[in-house]
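Peer 1: kindly return the folded structure for what I paste below:
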Amino acid sequence: MSIYVGNLSYEASQDDLSAVFAEYGKVVKVHLPIDRETGRKRGFGFVDMGSDAEEEAAIAELDGAEWMGRQLKVNKARPRTEKSDQKSW
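Peer 2: All right, here's what the predicted structure looks like:
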């Protein structure tokens, strides 16, 4: 399961985020989505950690914490949903 990290500074890098989460366990992967049109980071990311216990500890400590001038929103990521119900006009 991944951790969703919202309200990130646009200046935050994958290495920055990895360093913060490494305090709570092994960071397996960090992903910061990029906007296709602007090429800028979108202000949120996903972190995969080594175990559920490490993820829970990181969520408990970092949700609501201030980092790089922003108050983080940290929780378990929800699975992606199909967009099959969109209407084409």
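
Peer 1: who touches Ser9 in this structure?
Peer 2: Residues near Ser9 by C-beta atoms under 8 Å, 6 or more residues apart in numbering: Gly43, Trp67, Met68, Gly69, Arg70. For every residue, glycine as well, the C-beta is placed using N, CA and C.

Peer 1: does it count as helix, strand or coil?
Peer 2: Three-state call for Ser9 (DSSP: H, G, I helix; E, B strand; the rest coil): coil.

Peer 1: could you measure from it over to Gly69?
Peer 2: Taking C-beta to C-beta, to the nearest Å as the measure, Ser9 falls 6 Å from Gly69.

Peer 1: name the helices or strands packed onto the helix or strand hosting Ser18?
Peer 2: Secondary structure assignment for Ser18, by DSSP states H and E: helix 14-22. Packing partners of helix 14-22 (3 or more C-beta pairs under 8 Å, 6 or more residues apart in numbering; DSSP states H and E): strand 27-31, strand 44-49, helix 52-62.

Peer 1: so which of these is nearest Arg80?
Peer 2: Minimum separation from Arg80 across those (C-beta to C-beta) falls at strand 44-49, 10.8 Å.

Peer 1: tell me the buried residues in that closest one?
Peer 2: Of all the residues in strand 44-49, those buried under the rule 16 or more other C-beta atoms under 10 Å are Phe44, Gly45, Val47, Asp48, Met49.

Peer 1: what is the orientation angle of that strand with strand 27-31?
Peer 2: With axes from the mean of the first three to the mean of the last three C-alpha atoms, to 10 degrees defining the directions, strand 44-49 sits at 160 degrees from strand 27-31.

Peer 1: in three-state terms, label the residue nearest to Ile59 when sequence neighbours are not counted for me.
Peer 2: Nearest-residue entry for Ile59: Val74, 5.2 Å, with adjacent residues in sequence omitted and distances by C-beta to C-beta, 6 or more residues apart in numbering. Following three-state DSSP, we place Val74 in the strand state.
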